[in-house]
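Engineer: just the structure for this:
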Amino acid sequence: MKYHEISARIKFIGKLAFIGLILTSCAPASPNQPVNPTPAGINGETPAIVTQVPDATEVEPGPNCYGEEIHPVGQSISDVYDHTYEEVMTWFCSGYTFEDILLAAESSEQTEIPIEELFAMLDSGMTWDEIWIKIGILEE
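Structural biologist: As a prediction, this is how the structure comes out:
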């Protein structure tokens, strides 16, 4: 394996670890427990405080399925990647997990393949490993 391939893999793994940190730091202990955001956002902005996380049975499909409050994970993804909060939450409300959105955003950034194409591959039943092999992030 060449140096640039190893370097790209290390950077990719590092970003995936960061993604895991975002997901675990923003996840409430229970669906109705308040989320404690970090003191400063990615770019130094103070993140919005979420006082209630809706129960999954209360969520309605659509672009505002989460409600009026800003979701801290959705906002974090929007801050890190070149996608609006509305785009991120529309994908989430369409049924994609935040983990899938993060993996798609990072994969798209590395390959310049549109997120929608990556989601289409995921919807076809492919795993992320299979998608990464197909788009050239991982070797078979």
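
Engineer: next one: residue 74 from residue 81, what distance?
Structural biologist: From residue 74 across to residue 81, the span is 11 Å (CB to CB, to the nearest Å). No exception for glycine: its C-beta is placed from N, CA and C like everyone else's.

Engineer: actually residue 131, not the one I typed
Structural biologist: 17 Å.

Engineer: look at the two and report which has more neighbours.
Structural biologist: Set side by side, residue 131 and residue 81 show more neighbours around residue 131, with 21 against 18, by other CB atoms under 10 Å.

Engineer: so what does the more buried one look like in phi/psi?
Structural biologist: For residue 131, the backbone dihedrals (degrees, to the nearest 10) come out as phi -60, psi -50.

Engineer: and if you look at residue 71?
Structural biologist: Dihedral angles for residue 71 - degrees, to the nearest 10 - are phi -80, psi 130.

Engineer: thinking it is in contact with residue 86, fair?
Structural biologist: No: taking CB atoms under 8 Å as the definition, residue 71 is not a contact partner of residue 86, at 11.5 Å.

Engineer: and whatever helix or strand residue 121 lives in, C-alpha only, in CSV?
Structural biologist: Assigned by DSSP states H and E, residue 121 belongs to helix 115-123. Extracted in CSV, the C-alpha atoms of helix 115-123 (Å, rounded to 0.1, in the frame of the first residue of the first chain):
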residue,chain,number,x,y,z
ILE,A,115,-24.6,12.0,-0.8
GLU,A,116,-27.8,11.1,-2.6
GLU,A,117,-25.9,8.5,-4.7
LEU,A,118,-24.3,7.1,-1.5
PHE,A,119,-27.8,6.8,0.1
ALA,A,120,-29.1,5.1,-3.1
MET,A,121,-26.4,2.5,-2.7
LEU,A,122,-27.3,2.1,1.0
ASP,A,123,-31.0,1.8,0.1
